[in-house]
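In: this one's sequence-less:
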C-alpha cells in the first residue's frame, strides 16, 4: 500500500481560517512539505505551525523569491522525488498550501508530477479572494453578476478589455504592479469603484480605496472592482 | 452595547470543511439565523448542525423555492427586524451561509439592511468553486490564466462571448439550465474540456465530463472549463 498525497488548503493567513479537516490531518501528519522562501519563514508553515506535530518530518521546498515567484521547476522536481519516496513507503504526505490548493497555487507542480502514480486528495481552503472580500466588508458578486479574476502581471491591453467586460473584477498578484494597475483603473474611470486589500485576515491586514493605496504592495495584495448591480451601495435591492 | 452580526461561511457541504473560526463561533452562539426552503431541511443548518448549541435561538428564513431562488425581499426584511431586535439587546447573531458569505450569497440582503446600524464581521468560507475544483481533482487556474465566473441563467450570447475570452471558466447555478449550457459548450467545440460537478464534498458528490452529465442537475452543480495553459494535462510545465 502506497501513501496518499494531500494538497491542504490553509486559507488566507489567519490560522483560525483553516478548515476542521485541514487541522485534523495536520495534527496527525508524519510528513509535511511546504513552499518556503530562500530567506525567512515559510508563510504556509506559519499558518499551520501550532498544529504540526513536533516529530513530523518536514520537507521545505525552497523557491527563490525574485521579482516574480517564477515556478522553479528543479525545486519541485527534487521535492517530488523526496515525497514519492515517503509515499512508496506507505506514508501519507501533506503539502501545505496558502489559500486553496487549486486556485493559482504552486501545488499544481507537485500534482502534475505525482498524481499519476499515487492517490491524491485535495482539501479545499478559503481562497485569498474570499479573505479579501471579507476584509473589504462588501459583497463582491451577487445574483447574475459576472466575476473576472485577473493576474496583475498581464499586459494593460488584456486587463483593460476584461475589466471593461465584467461587473466585478479581482486583480490578483498585485505586488510590484500596483502603480501600473492603479493608473489603468484611473484611466478607465473606475477609481471610485476599486478597493485595495493587503494581508487579508492577518493582524496587519489593510483595506482601503485604491486611490489611497500605498506605493508599494506586498505579494499578498489584491484589487477588487465592482461596477455591477451595486451590492456595495444597495440598501434594499 | 449592541451585538455584532456575523456572516459565517460554512463551506460547500462537508461539515469538516467549516473553518475553526466558524466552528468556535457556532458552538458559542446564542442566536442563529439561516436560509431554509419552504419544505424540507435547511442546507446551511445541516452543515453546522452538530455544532449548534441545543439552547440557541434559531431564526429560519423561509425562502420560497421556485424554479430560481429569486430574492424574496419580504423574507429578508422580516428576518432583519428579528435579528435587529437581538442586536439591540446586545446579543450577537450568527447568519449561517453556504460556501462563502460574499460569493453569490444571499447574506448580502441582510448585510444591506443591517450593516449601517450594527457592527458586522464576515467569516470567509470555502467557496463552492474551491469545493468543485477539489472534487474534479484538477487545477482550475495557474500562473497568469484568466478565470471567469458566470452565472448559468445568463443568456447564451453573453455566456458565449465570455467563455471565448477566458482560459478558465466556472459556470455557477447550473440547475435547470444544464441542457442549454451543454449545447452551448458543444457548439463552441469545448465539450472535451468541460467537467460537470454536483454536490461537491458531500457523500453523494459526482464529478464527470460534461458530455456524461445527467439530464437533470441539482441547484448545487457547476460546469468547469479549462482551455488555457493546460494545467490539467501538464506533466512538467
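Out: Received, thanks. Given the structure is predicted, the values throughout are model-derived calculations rather than measurements. Residues are numbered from 1 along each chain as shown, chains lettered A, B, ... in the order given.
In: show me what the top helix by length along chain A is packed up against.
Out: If you go by DSSP state H, chain A has its longest helix at helix A:73-88. With contacts defined as 3 or more C-beta pairs under 8 Å, 6 or more residues apart in numbering or on different chains; DSSP states H and E, the packing partners of helix A:73-88 are strand A:4-9, strand A:31-36, strand A:57-62, strand A:93-97, helix A:107-114. Any C-beta I mention is one placed from the backbone N, CA and C, and that applies to glycine too.
In: helices along chain A, start to end?
Out: With helices called from DSSP H, chain A shows them at A:20-27, A:43-48, A:73-88, A:107-114, A:128-136, A:156-164, A:178-187.
In: deepest-packed of these, please.
Out: Greatest average neighbour count among those goes to helix A:128-136 (a mean of 27), per mean count of other C-beta atoms under 10 Å in any protein chain shown.
In: list of residues touching that helix?
Out: With contact meaning C-beta atoms under 8 Å, 6 or more residues apart in numbering or on different chains, helix A:128-136 is reached by A:11-13, A:17, A:98-99, A:103, A:139-140, A:149, A:170, A:172, A:195, A:197, A:200-201, A:205, A:207, A:220, A:222, A:224, B:9, B:100-103, B:122-127.
In: can you flag the buried ones in these?
Out: For the contacts of helix A:128-136, a burial check counting by 16 or more other C-beta atoms under 10 Å in any protein chain shown picks out A:11-13, A:17, A:98-99, A:103, A:139-140, A:149, A:170, A:172, A:195, A:197, A:200-201, A:205, A:207, A:220, A:222, A:224, B:9, B:100-103, B:122-127.
In: tell me, what residue is most central in chain A?
Out: In chain A, the C-alpha nearest the mean C-alpha coordinate belongs to residue A:99, at 4.2 Å (C-alpha atoms, centre = their mean).
In: ok, now how distant is that one from residue A:91?
Out: Computed with C-beta to C-beta, to the nearest Å, the distance linking residue A:99 and residue A:91 is 26 Å.
In: same deal with residue A:12?
Out: 29 Å.
In: quick check: pLDDT value at residue A:216.
Out: Here, the pLDDT recorded for residue A:216 equals 89.
In: thought residue A:196 was touching residue A:221?
Out: Yes. With contact defined as C-beta atoms under 8 Å, residue A:196 counts as touching residue A:221 (6.9 Å).
In: okay, and the common contacts of these two?
Out: Common neighbours of residue A:196 and residue A:221, using C-beta under 8 Å, 6+ apart, are A:174, A:178.
In: for residue A:2, which non-adjacent residue is spatially closest?
Out: Computed as C-beta to C-beta, 6 or more residues apart in numbering or on different chains, the closest residue to residue A:2 that is not its neighbour in sequence is residue A:87, at 5.1 Å.
In: in chain A, where is pLDDT below threshold?
Out: Scanning chain A with the threshold set as pLDDT under 70 gives A:65-71, A:228-237.
In: per-domain residue ranges of it.
Out: Listed domain ranges for chain A are A:4-126, A:129-226 (source: automatic domain parsing).
In: export those domains to CSV and append columns for distance to residue B:212.
Out: Listed next are these as CSV, based on distance: least, C-beta to C-beta, whole Å:
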stretch, distance to residue B:212
domain A:4-126, 21
domain A:129-226, 27
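In: nearest to residue B:30, out of those?
Out: domain A:4-126 (20.1 Å; C-beta to C-beta).
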